[in-house]
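> Please find the sequence and the predicted model below.
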2 protein chains.
Amino acid sequence: MSLDVVVLRLREEQIELLLERRERPPFEGSLQLPALRIDEERDRDLETALDRLLAEWSLGDSYREQVCSLGSRERDPRGWSTTLVYLCLVPPTTDLARGQWYPLQSLPALRLAFDHIQLVARALERLRVKSRYSTLPVHLLGEEFTLSELQRAYEIILQTPMNTAAFRKRIHRAEILCDTGRKRTGKQRPAILYRIEAPSCVLFDQVMNGAEG
Amino acid sequence: MSLDVVVLRLREEQIELLLERRERPPFEGSLQLPALRIDEERDRDLETALDRLLAEWSLGDSYREQVCSLGSRERDPRGWSTTLVYLCLVPPTTDLARGQWYPLQSLPALRLAFDHIQLVARALERLRVKSRYSTLPVHLLGEEFTLSELQRAYEIILQTPMNTAAFRKRIHRAEILCDTGRKRTGKQRPAILYRIEAPSCVLFDQVMNGAEG
């Protein structure tokens, strides 16, 4: 039983995926997801195993959720194997202890180990579907962010422009934001900086649907 | 690695859970969920293992989805164990090959094996949360049903009355229903009978929120 984590960040208008080069067979030289085999002596439960994996990658306090389990005779040439897939979202500036970031567009050209391309697809589907009805994308932003930056994160994930007024209404009704009292200044007019009130994921009372509001 | 399935039906305004008496230790005499241990010789993947389990219970063609995996040192007194939890929804009239139906209200008084009470809680949470934004509850109805029956299913799951006009608008916009051309007659005035067009679960463009619409 193993854990595989699809770690995503959003940087310069692109979603990027964390991968590392695999150094032994099978699939030597291919890229793989952060992974761990459950150690029944060491790991009390799945959560502590995941904590151990994320700590190895210095991603200890990032947002994570279970996506699915995949198990079959074929997914590992060495025999029947089951993996538990997690989605992990990190801020743009996360320092890397291991691996490298790859933009999602580059994925088709990369050689991924095992069935990791499918695991990535499942995690991305979760991100996209859940972003329609929840505050999940907030975990891709830095500690402080403007509403425009949050809207842009939704637009990049959902691949559609959104109605600003409707977007702001939904975000405010979800009651997850806390006004920091500071403003982002720069080329645009100053915009309020927010941080998250609660580190969880809140369901909207209206589904995000793009420009039609 | 095992599979545990939380099988639910909706009958006479109550959600009921399928359980069977466990005949060997540990937890001999307690009630348990339909379960199966993965057989690496027989089961090609998790889906075929689930098919085998549901076939043993004559629930082969019912709606199912993965809920979560739970694994720990404590959940089975015999040692580290991992289970993959599925939610399975069946029509009210499903014939039972094994086990017995128990109303959810009776659960606190029952003695459940292992951590099965937690597995039930996780599956129920999935049903309740997902019913807010999708057509999931349709799988608890028979082959043909009226819109009032469908609304009642939502109200029982979400434990709140709903605005009928808003409810019907959302259901119609989800485009899952097919008019059978027949009507339910009885004490009330005749109502159109529908069946499902697609056997899947469709996301609403507006979240179901109870009476406030």
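Okay, I see it. Please read all numbers here as calculations on a predicted model, not as lab measurements.

> Could you tell me the per-residue confidence at the residue nearest to A:Ala49 when sequence neighbours are not counted?
Excluding the flanking residues, the one nearest A:Ala49 by Cβ to Cβ, 6 or more residues apart in numbering or on different chains is A:Asp43, at 3.8 Å. C-beta coordinates here come from the backbone N, C-alpha and C atoms, glycine included. Confidence at A:Asp43, expressed as pLDDT, is 97.

> A:Asp43 is in contact with A:Leu53, isn't it?
No: using Cβ atoms under 8 Å, A:Asp43 is not in contact with A:Leu53; the gap is 9.5 Å.

> related to what we said a few turns ago, and the residue nearest to A:Ala49, how many neighbours?
A:Asp43: 23 surrounding residues under other Cβ atoms under 10 Å in any protein chain shown.

> gap between the residue lying closest to A:Val6 once chain neighbours are set aside and A:Leu104?
Using Cβ to Cβ, 6+ apart and skipping the chain neighbours, the partner closest in space to A:Val6 is A:Ala123 (3.5 Å). Applying Cβ to Cβ, to the nearest Å, the value for A:Ala123 to A:Leu104 is 11 Å.

> How about A:Asn163?
Separation of A:Asn163 from A:Leu104 (Cβ to Cβ) stands at 25 Å.

> One more: A:Arg11?
11 Å.

> Chain neighbours aside, what residue packs nearest to A:Asp45?
B:Ser72 (3.4 Å).

> Was I right to think that neighbour contacts B:Trp80?
Yes: here B:Ser72 reaches B:Trp80: they are 7.2 Å apart, a contact under Cβ under 8 Å.

> could you list every residue that touches A:Leu112?
A:Leu19, A:Ser30, A:Leu31, A:Gln32, A:Val120 (Cβ atoms under 8 Å, 6 or more residues apart in numbering or on different chains).

> out of these, which one sits closest to chain B?
A:Val120 (17.5 Å; Cβ to the nearest Cβ).

> Break chain A down into its domains, please.
According to the TED database, chain A comprises the domains A:2-131, A:136-196.

> Could you dump those domains into TSV with distance to B:Leu89 added?
TSV is the format used below for the domains of chain A (distance: least, Cβ to Cβ, whole Å):
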stretch	distance to B:Leu89
domain A:2-131	18
domain A:136-196	25
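
> Compare those domains and give me the one nearest B:Val5.
Nearest to B:Val5 among these is domain A:2-131 (13.9 Å), distances taken as Cβ to Cβ.

> Check the offset of the closest one from the chain's centre.
Between the centre of domain A:2-131 and the centre of its chain there are 10 Å (Cα atoms, centre = their mean, to the nearest Å).

> end-to-end on that domain?
Taking Cα to Cα, to the nearest Å, domain A:2-131 runs 27 Å from one end to the other.

> Could you check how many residues crowd around A:Leu136?
By the criterion of other Cβ under 10 Å, A:Leu136 has 25 neighbours.

> Kindly report the same for the one 5 residues further on.
With neighbours defined by other Cβ under 10 Å, the count for A:Leu141 comes to 20.

> For the buried ones among the contacts of A:Leu112, write the corresponding PyMOL selection.
Here is the PyMOL command that picks out the buried ones among these, judged by 16 or more other Cβ atoms under 10 Å in any protein chain shown:
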select buried, chain A and resi 19+31+32+120
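
> need the contacts of A:Leu112 in JSON lines with secondary structure and pLDDT, can you?
JSON lines is the format used below for these (DSSP: H, G, I helix; E, B strand; the rest coil; pLDDT from 0 to 100):
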{"residue": "A:Leu19", "secondary structure": "strand", "pLDDT": "98"}
{"residue": "A:Ser30", "secondary structure": "coil", "pLDDT": "98"}
{"residue": "A:Leu31", "secondary structure": "strand", "pLDDT": "98"}
{"residue": "A:Gln32", "secondary structure": "strand", "pLDDT": "98"}
{"residue": "A:Val120", "secondary structure": "helix", "pLDDT": "98"}
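
> Excluding chain neighbours, what is closest to the one residue sitting closest to the centre of chain A?
Closest residue to the average C-alpha location of chain A: A:Leu89 at 3.0 Å, with Cα atoms, centre = their mean. Once flanking residues are discounted, A:Leu89 sits nearest to A:His139: 3.9 Å by Cβ to Cβ, 6+ apart.

> okay, the one you found: pLDDT?
96.

> Likewise for the one 3 residues further on?
In the predicted model, A:Gly142 carries a pLDDT score of 94.

> cool, and A:Glu212?
46.

> now do A:Asp95
Reported pLDDT for A:Asp95: 82.

> and it, what does it touch?
By Cβ under 8 Å, 6+ apart, the contact list for A:Asp95 reads A:Ser58.

> what about it, is that helix, strand or coil?
Of the three states, A:Asp95 takes coil under DSSP: H, G, I helix; E, B strand; the rest coil.

> Now do the helix or strand bottoming out on mean pLDDT in chain A: distance to the chain's middle.
Lowest on mean pLDDT, DSSP states H and E among the helices and strands of chain A sits helix A:164-174, with a mean of 91. What separates the centre of helix A:164-174 from the centre of its chain is 22 Å, taken as Cα atoms, centre = their mean.

> Provide a list of residues in contact with A:Phe145.
A:Val138, A:Leu193, A:Tyr194, A:Arg195.

> Find the nearest non-adjacent residue to the first one, please.
Taking Cβ to Cβ, 6+ apart, and ignoring the residues beside it in sequence, A:Val138 has A:Ile196 as its nearest neighbour in space, at 5.7 Å.
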